[in-house]
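# Give me a 3D structure for the following:
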Amino acid sequence: MRRSCLMLFAFAWAAPLAAQELSPELRELVLRAQPVLFEDPECGIKPGHFRVGGAAVYVETAMRNTSNRERLLEDSRRTVAEAITDDDQADNPGAWYILGRVYLYQADILGADSSFIRVEALAPECASEVATFRRNTWIAVRNYTLGQMQRSEIDSALATYRVGLSIYRGEADTYYVMASIQERAEQPDSNIYYLNAALGVEDTTESGVRVRRNAVRRLSRIYATAGEVDSAVKYLQIVADMAAATNDTTSLWSAQSQIARIYFTGERYPEALVAFRVLAARKPDNEMIQRNIATVFQAMGQVDSAQAIMAGMGGAGGATMDTTSARFLISRGVNKFQEQNYQAAAADFSRALKTEPSNRLAMINLGLAYNNLKDGPKLVAVAERSIAREPLHELSYQFLVQGYVYQRDNKANDASKRLDGLPITIDSITIQNSPGLMTITGVALGRGRASAAIDLVFEFTGDDGAVLASVEVAIPALEPNGRSEFAAQGSVEGIVNWRYRVQ
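Numbers count the residues shown, from 1 in each chain. Down below sits the predicted model:
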């Protein structure tokens with residue numbers, strides 16, 4: 001029997017594991033997390049054997065004798081190991097307790113974990129005390145790991161935190177930190193695994209509830225982005241239930257609103273209708289919710305129902321939303337963008353531009369979506385298209401630079417020079433379009449240096465791109481960071497788009 005016991009537990013009293021390879025800085029943090037002095041266990045267990053008692057004396061002396069500390073700790077580890085293997089002390093929790101403490105004083109986290117597992121099994125009354133040692137050690141590892149993440153040392157952070165996770169798993173945050181590292185490492189399956197692990201911890205502390213709620217929200221976003229509506233809603237419903245249990249009306253409303261939007265963007269219109277009606281029951285006077293319900297009816301092809309709702313809100317005899325309009329597509333795209341479903345958002349913004357080529361917001365949002373997708377070729381194409389219309393738009397040049405960066409193309413240097421060479425920026429442009437008249441207003445902004453006066457020519461174009469009307473706009477000289485508002489009008493039938501050029 002003793003031979004099999006030896007084989008089972010031999011790893012637990014081996015010399016400190018080289019595989020851990022703690023850096024000097026982390027080793028120091030782990031040692032600082034331990035009690036300065038070694039004292040008898042608070043849970044009341046005793047050495048129970050003379051060798052185990054001798055090992056306790058060695059470690060107690062070591063903590064008072066810095067010059068011989070390492071030698072005394074090794075003497076303690078060897079003595080207690082001999083008691084376990086040679087003197088039938090494998091079932092003595094006192095022996096494993098001392099061994100676990102010695103391992104912590106040697107910064108051997110894995111050895112300490114295996115020893116404390118035995119203590120918890122043999123002396124459950126010591127579990128709380130052992131948990132304190134575990135947690136303090138984990139905090140030291142966690143803080144070091146967070147520093148690695150801040151320095152973008154993701155692979156090192158993963159290796160380090162695996163060691164920390166081995167010593168303590170008693171809070172939701174232990175798994176949540178690992179999920180964050182996995183997300184930075186672009187390991188989506190592992191990210192989901194650890195987020196679910198965080199949910200599985202019974203942590204009712206205020207911090208634990210907050211962490212678990214954040215984990216649920218992250219899971220819902222992951223599944224919403226992937227277009228997995230049912231999974232996204234499942235986790236959002238957990239958020240809603242948690243909020244209802246604590247009477248957190250703000251979080252409850254937010255979760256229920258997200259459920260409705262996810263159903264709608266996933267084109268699950270019957271479920272979206274139910275979800276929006278739940279919101280309407282809570283806030284019957286909320287005009288936006290009523291409009292959303294009308295939009296759902298419109299998307300379902302139930303135009304009469306949509307018109308009735310809009311008319312009840314004071315609409316003109318059944319005003320309703322056109323789901324093919326640029327306004328609708330941009331609004332839906334923004335919702336998808338906020339849910340981090342950037343591919344679907346880009347599709348809506350692209351359709352909005354086809355419907356309404358003059359729509360500047362759709363163009364900018366399309367660039368933002370491609371930027372978040374890190375799609376270099378498409379981001380460059382949108383940037384060049386925007387620059388062709390707005391040659392003094394700073395954001396478009398930033399898109400251009402980033403698009404080339406994503407492609408690792410040396411053209412990023414030339415694009416950066418083009419950006420730096422802009423004399424001024426034209427921004428805050430709004431377009432008012434009505435039959436026979438397009439009005440453009442905007443602001444000229446000085447950059448970090450004074451600029452000379454500039455003349456712009458705004459051109460208003462038709463379906464085929466031909467110029468139907470043009471007007472000159474004089475931009476005065478600007479001081480650094482100065483500003484000047486302007487307006488340009490094209491008064492002719494058939495205008496569908498616009499652009500300007502520097503005279």
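
# D203 versus L368, what's the distance?
Counting by CB to CB, to the nearest Å, the gap between L368 and D203 amounts to 37 Å. C-beta coordinates here come from the backbone N, C-alpha and C atoms, glycine included.

# quick one, helices of the stretch 351-500 of the chain?
In order along the chain, the stretch 351-500 of the chain carries the following helices (DSSP state H, counting those that start in this stretch): 360-373, 376-389, 394-406, 411-420.

# so V239 sits right up against A255, yeah?
Yes. A contact is recorded between V239 and A255 when judged using CB atoms under 8 Å, the distance being 4.2 Å.

# Tell me how many other residues crowd A255.
As a burial measure, the neighbour count of A255 was computed by other CB atoms under 10 Å and equals 26.

# In contact with it: list those residues for me.
Residues near A255 by CB atoms under 8 Å, 6 or more residues apart in numbering: L236, Q237, V239, A240, A243.

# what do you get if the cut-off is 10 Å, keeping everything else the same?
Residues near A255 by CB atoms under 10 Å, 6 or more residues apart in numbering: 213, 216-217, 220, 233, 235-244, 248.

# What's the ChimeraX line that selects buried ones from those residues?
Selecting only the buried entries of those in ChimeraX, with 16 or more other CB atoms under 10 Å as the criterion:
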select :213,216,217,220,233,235,236,238,239,240,242,243,248
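
# Return the closest of the contacts of A255 with respect to N413.
Set against N413, the nearest of these by CB to CB is R217 (40.3 Å).

# Quick check: which element contains that closest one?
Here R217, judged by DSSP states H and E, is contained in helix 206-225.

# Off-centre distance for that helix?
Between the centre of helix 206-225 and the centre of its chain there are 10 Å (CA atoms, centre = their mean, to the nearest Å).

# Quick one: list the elements packing against the helix or strand following it.
Next along the chain after helix 206-225, taking DSSP H and E as the criterion, comes helix 229-245. Where contact means 3 or more CB pairs under 10 Å, 6 or more residues apart in numbering; DSSP states H and E, helix 229-245 is packed against helix 188-199, helix 206-225, helix 249-265, helix 269-282.

# mind listing the strands for this protein?
For the chain, the strands defined by DSSP state E occupy 424-434, 437-446, 454-461, 467-475, 483-490, 497-502.

# Ok, which of those strands comes nearest L158?
Nearest to L158, of all the strands of the chain, is strand 424-434, at 42.2 Å by CB to CB.

# same for that closest one, what does it pack against?
Helices and strands in packing contact with strand 424-434 are listed as helix 360-373, helix 394-406, strand 437-446, strand 454-461, strand 467-475, strand 483-490, strand 497-502; criterion 3+ CB pairs under 10 Å, 6+ apart.

# Adding mean pLDDT, mean neighbour count and distance to I154, write those out as CSV.
Compiled in CSV, the helices and strands packed on strand 424-434 are given as follows (pLDDT from 0 to 100; neighbours: other CB atoms under 10 Å; distance: least, CB to CB, whole Å):
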stretch, mean pLDDT, mean neighbour count, distance to I154
helix 360-373, 92, 22, 20
helix 394-406, 93, 21, 19
strand 437-446, 89, 18, 38
strand 454-461, 94, 19, 46
strand 467-475, 93, 16, 47
strand 483-490, 90, 16, 42
strand 497-502, 92, 18, 44
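
# closest to S386 out of those?
The minimum distance between S386 and these falls on helix 394-406, with 4.0 Å, by CB to CB.

# re the thing from before, can you list the helices of the stretch 351-500 of the chain in CSV and add distance to V119?
Output for those, formatted as CSV (distance: least, CB to CB, whole Å):
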stretch, distance to V119
helix 360-373, 49
helix 376-389, 55
helix 394-406, 53
helix 411-420, 58
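
# Among those helices, which comes closest to R27?
The closest of the helices of the stretch 351-500 of the chain to R27 is helix 394-406. By CB to CB, the value is 38.7 Å.

# pull the CA atoms of the closest one into PDB?
Once non-C-alpha atoms are left out, helix 394-406 reads as follows in PDB (Å, rounded to 0.1, in the frame of the first residue of the first chain):
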ATOM      1  CA  GLU A 394      -9.300  64.200 -42.500                       C
ATOM      2  CA  LEU A 395     -11.000  61.100 -41.300                       C
ATOM      3  CA  SER A 396     -11.000  59.700 -44.900                       C
ATOM      4  CA  TYR A 397      -7.200  60.000 -45.000                       C
ATOM      5  CA  GLN A 398      -7.000  58.300 -41.600                       C
ATOM      6  CA  PHE A 399      -9.000  55.400 -43.100                       C
ATOM      7  CA  LEU A 400      -6.700  55.300 -46.100                       C
ATOM      8  CA  VAL A 401      -3.600  55.100 -43.900                       C
ATOM      9  CA  GLN A 402      -5.100  52.400 -41.700                       C
ATOM     10  CA  GLY A 403      -6.300  50.400 -44.700                       C
ATOM     11  CA  TYR A 404      -2.800  50.200 -46.100                       C
ATOM     12  CA  VAL A 405      -1.400  49.400 -42.600                       C
ATOM     13  CA  TYR A 406      -3.800  46.400 -42.400                       C
END
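
# Against which helices or strands is that helix packed?
The elements that helix 394-406 packs onto, with contact taken as 3+ CB pairs under 10 Å, 6+ apart, are helix 360-373, helix 376-389, helix 411-420, strand 424-434.

# Just want the angle from it to helix 360-373.
With axes from the mean of the first three to the mean of the last three CA atoms, to 10 degrees defining the directions, helix 394-406 sits at 30 degrees from helix 360-373.

# circling back to that earlier point, anything in contact with each of V239 and A255?
Overlap of the contact sets of V239 and A255 (by CB under 10 Å, 6+ apart) consists of R213, V216, R217, S220, D248.

# Make a markdown table from the residues you listed and add distance to S386 and pLDDT to it.
Putting those into a markdown table (distance: CB to CB, whole Å; pLDDT from 0 to 100) gives the following:
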| residue | distance to S386 | pLDDT |
| --- | --- | --- |
| R213 | 39 | 84 |
| V216 | 38 | 88 |
| R217 | 34 | 85 |
| S220 | 33 | 85 |
| D248 | 42 | 86 |
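
# Of these, just say which sits nearest to A452.
Closest approach to A452 among these (CB to CB): R217, at 51.3 Å.

# so where's the longest helix in the chain?
Ranked by residue count, the top helix of the chain under DSSP state H comes out as helix 127-150.

# Report the buried residues of it.
Under the neighbour-count criterion of 16+ other CB under 10 Å, helix 127-150 has 129-130, 133-138, 140-142, 144-145, 148-149 buried.

# follow-up on the earlier one: redo the helices and strands packed on strand 424-434 as JSON lines? Include distance to H49.
Supplementary listing: those in JSON lines, determined by distance: least, CB to CB, whole Å:
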{"stretch": "helix 360-373", "distance to H49": "63"}
{"stretch": "helix 394-406", "distance to H49": "66"}
{"stretch": "strand 437-446", "distance to H49": "81"}
{"stretch": "strand 454-461", "distance to H49": "91"}
{"stretch": "strand 467-475", "distance to H49": "91"}
{"stretch": "strand 483-490", "distance to H49": "84"}
{"stretch": "strand 497-502", "distance to H49": "89"}
